[in-house]
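Visitor: Fold the following.
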Amino acid sequence: MRKMLPLLVLASILSVSVARAADYGWHISASSTDPFVNTSIPQSGLGTIYLWLSCTTIDGLASVEFDLQSAGFIITGFTPMNGALNAGDNTHLLLAVGGCPRENFLIGNWGFFDPTGLGGNACLVNSAANGWNVSVDCDTVNPTTHPNAVGGFANDGSTQCATDLCTVAVESETWGGIKTMFR
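Guide: Modelled structure (predicted):
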């Protein structure tokens, strides 16, 4: 039984990490050309941050729903880009896009106002309307929702929010191979 305990612990860790993995990754960036510019220098006045689909393990994106939560600056509007449509509002996004885009797809931007010049931060969170933070794949027969991973934005010195980004394929291992690692 002592040899089985590490295997049970490993199995529970693997099941937890699989449950947290996401098929779609989203980033809020200070750049219109790079999704991974998640910090900048604070400055008072008007500014822009960009919403990017940064990775996917699925064949493209049809739609997405989440909310933007921000602190330190005032969101003045959201502008969809590259053919996207928003059925939500400035902070509750319900976006649809044609063409099933994949990673590094710029889908829109937020205008913001920083009244103090001390900066702020922004994160994509579950929708207040229904608790969803999901993307919908492009399967025309059986479209499915998938959990989102997020990389937030901060220019106030705080740590930007982040969750595990897209699931990575790993080499399969037999049960016998796993057991020999603990012998």
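
Visitor: use CA for all of it now, contacts and neighbours both
Guide: OK.

Visitor: thought residue 121 was touching residue 151?
Guide: No: counting by CA atoms under 8 Å, residue 121 does not reach residue 151; the two are 11.3 Å apart.

Visitor: Give me the common contacts of those two.
Guide: Shared contacts of residue 121 and residue 151 (CA atoms under 8 Å, 6 or more residues apart in numbering): residue 160.

Visitor: nearest residue to residue 136 other than its sequence neighbours?
Guide: residue 145 (4.4 Å; CA to CA, 6 or more residues apart in numbering).

Visitor: Hmm, I typed the wrong one, I wanted residue 24.
Guide: Nearest residue to residue 24 in three dimensions, chain neighbours excluded: residue 56, at 4.4 Å (CA to CA, 6+ apart).

Visitor: do the same with residue 97
Guide: Residue 97's closest residue in space is residue 84 (CA to CA, 6+ apart), at 4.4 Å.

Visitor: looking at it, that neighbour is touching residue 106, isn't it?
Guide: No: assessed by CA under 8 Å, residue 84 is found out of contact with residue 106, at 9.5 Å.

Visitor: Would you list the phi and psi of the closest residue to residue 123 other than its chain neighbours?
Guide: In this structure, residue 123 finds its nearest non-sequential neighbour in residue 152, 4.6 Å apart by CA to CA, 6+ apart. Main-chain dihedrals, residue 152, degrees, to the nearest 10: phi -80, psi -170.

Visitor: quick one: contacts for residue 152?
Guide: Per CA under 8 Å, 6+ apart, neighbours of residue 152: 27-29, 38, 121-124, 160-162.
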